[in-house]
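Student: All I have is the shape, not the residue letters:
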């Protein structure tokens, strides 16, 4: 059977690409609704934690959906290689849709207490488990139908579904917020985007039920042969196992670092650090996502002409070069008053290092009651970058803002109510000094340079789309049909799930621990740099490989 032909008079290539892309876009919509509403979810489900801790816990809940994705890849990859591509991704899309609708129905912390975040975590894990099997099935299904000379172009449509899902999520959120008003949306309207998934699930299932099995899989089944053992053949034989490692360390860890930094960390940075209005951030991210959506298809097409490897390397290197200067420029463009204040009145925390804890508490149990911890948490919540200076042993921490010093206070041994009052007092005094020194409480909309912010974000998007556009074709072409679903799904979901999914929480924790609002970027830089080196040395060029001849 020739690649790109219809299998057993099944639907045409346009239907195959359209149905696969629509279903995957729906799953990304489900996933991104949660990521876009993290701030609101933090208030509803982690109400008992402090502001910084609750936000980190919400980010970790978002990341947890990614953490379980490799497990979903293993389970659904095995079924996809043993029972077929179509059946497997019908199951994944159903599971994802039901879990998303359930999140929209969950009672919050004020109604059922600790059971609320536990149920939220379970639903989030089910989402991640389903998504772990979805991407590999859709990418493989399209690739195994595509002519080899158009494989990058056609699988590029699967890649752009991530952008389409995000566009859908942001459009629904912005529209719902505009109709209901901010107060009603924050109170209960945030549930509507989740509940809408019931309709989207029904449409996606109806479309996908029209599909047949892929030609390459049908050919392998027709040729028979020994019983397949996807795990052993994919991971315990060096022939395939080495390409699993190359795919992970040469492509996927960069994908997690570059794509999720461009889409999610920039959002966090503008909203939490630069204090840009949430609605403005949503609009910016939506505009950039729309503008970059078809770049996935362009770079997929370009990889059909010049090769997968050079296009993906271009994306990695562009991002690597742009990370630090891009975020510094973003501060000046989105909140120039903050950039000016950082220069004219730098902030320093002077404290006994022995009293300073790491400002990261994923389980919400640390009290952060020392004078040093109170000072740092106030500055972290304010999105202010600060330096650390060692103070005298046992001394009370001081916050120096330019030439003005504000004393923190020692809260060790206090009960919860007294500690809260003490923190409020320190926060009031520190924030007053920050305002007097020119630090803005919010970004001034009149001073935001929207065209420049858009241009900076587009640079990150170009890097992300150049890396992601050819990626599906490159991963499919690395592995034979017998183990393709299993072998490519695991590295994909480790890279995006573990490296990408944990990026917002890990980067924010690095910022809170160091006091430097740009320090979290080292997370993305480290993973991207490793991938560039591995890709340059070990990643083969796969453009034009015949997938049917790789069946044995």
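Tutor: Noted; the coordinates are in hand. Predicted, not measured: the structure shown is a model, and the values here were computed from it. Numbering: from 1, shown residues only.
Student: contacts, neighbours, all on C-alpha from now
Tutor: Fine.
Student: Confidence-wise, which helix or strand of this protein is lowest on average?
Tutor: Ranked by mean pLDDT, DSSP states H and E, the weakest helix or strand in the chain is helix 215-223, scoring a mean of 62.
Student: Residue 408: neighbouring residues, count only.
Tutor: Each residue near residue 408 was counted by other Cα atoms under 10 Å, and the total is 28.
Student: Return the distance of it relative to residue 73.
Tutor: 49 Å (Cα to Cα, to the nearest Å).
Student: again with residue 238
Tutor: To residue 73, residue 238 is 20 Å away according to Cα to Cα.
Student: Give the residue from these two that has the larger number of neighbours.
Tutor: Applying other Cα under 10 Å to residue 238 and residue 73 shows that residue 73 carries more neighbours, namely 32 against 11.
Student: So, low pLDDT: which residues of the stretch 251-400 of the chain?
Tutor: Residues of the stretch 251-400 of the chain that meet the criterion pLDDT under 70 lie in 358-367.
Student: Excluding chain neighbours, what is closest to residue 278?
Tutor: Closest residue in space to residue 278, ignoring its immediate chain neighbours: residue 271 at 6.1 Å, by Cα to Cα, 6 or more residues apart in numbering.
Student: ok, now residue 246?
Tutor: Closest to residue 246 by Cα to Cα, 6+ apart is residue 539, at 6.3 Å.
Student: same thing with residue 24?
Tutor: Spatial nearest neighbour of residue 24, chain neighbours left out: residue 161 (6.2 Å); criterion: Cα to Cα, 6+ apart.
Student: Verify the stated contact: the one you found with residue 20.
Tutor: No - in this structure, residue 161 is not within contact of residue 20 by Cα atoms under 8 Å, at 9.4 Å.
Student: circling back to that earlier point, check which helices and strands the helix or strand hosting the residue nearest to residue 24 is in contact with.
Tutor: Residue 161 is part of helix 151-180, with elements assigned from DSSP states H and E. When contacts are defined as 3 or more Cα pairs under 8 Å, 6 or more residues apart in numbering; DSSP states H and E, helix 151-180 packs onto helix 13-36, helix 115-143, helix 191-195, helix 278-292, helix 295-306, helix 471-478.
Student: Next, the buried residues of that helix.
Tutor: Residues of helix 151-180 classed as buried under the neighbour-count rule (16 or more other Cα atoms under 10 Å) are 151-174, 176-177.
Student: Can you get me the start-to-end distance on stretch 349-356?
Tutor: Counting by Cα to Cα, you get 10 Å between the two ends of stretch 349-356.
Student: neighbours of residue 118, just the number please.
Tutor: As a burial measure, the neighbour count of residue 118 was computed by other Cα under 10 Å and equals 14.
Student: ditto for residue 416
Tutor: By the criterion of other Cα under 10 Å, residue 416 has 12 neighbours.
Student: Would you agree residue 394 falls within a strand?
Tutor: No - under the criterion used here (DSSP: H, G, I helix; E, B strand; the rest coil), residue 394 is coil, not part of a strand.
Student: pretty sure residue 348 is in a helix, no?
Tutor: No - counting by three-state DSSP, one finds residue 348 to be strand, located in no helix.
Student: Report the mean confidence score over the host helix or strand of residue 454.
Tutor: Element membership of residue 454, judged by DSSP H and E, is helix 450-468. This predicted structure assigns helix 450-468 an average pLDDT of 96.
Student: Check which residues of that helix are buried.
Tutor: Of the residues in helix 450-468, those buried under the neighbour-count criterion (16+ other Cα under 10 Å) are 453-454, 456-468.
Student: Residue 317 and residue 298: what is the separation?
Tutor: Here the criterion is Cα to Cα. By it, residue 317 lies 18 Å from residue 298.
Student: same check, this time on residue 511
Tutor: 35 Å.
Student: Which residue of those two possesses the greater neighbour count?
Tutor: Neighbours were counted for residue 511 and for residue 298 using other Cα under 10 Å; residue 511 has more, 24 against 20.
Student: ok, the more buried one - contacts?
Tutor: Taking Cα atoms under 8 Å, 6 or more residues apart in numbering as the criterion, residue 511 is in contact with 380, 517, 518, 519, 520.
Student: Kindly report the same for residue 465.
Tutor: 259, 292, 295, 296, 299, 315.
Student: Out of those, give me the two with the largest separation.
Tutor: Farthest apart among these by Cα to Cα are 259 and 299. That separation is 14.6 Å.
Student: ok, back up a step: closest to residue 444 out of the buried residues of helix 450-468?
Tutor: The closest of these, once distances to residue 444 are taken by Cα to Cα, is residue 453, at 13.9 Å.
Student: Can you tell me the SS state at residue 400?
Tutor: When the rule is three-state DSSP, residue 400 gets the label strand.
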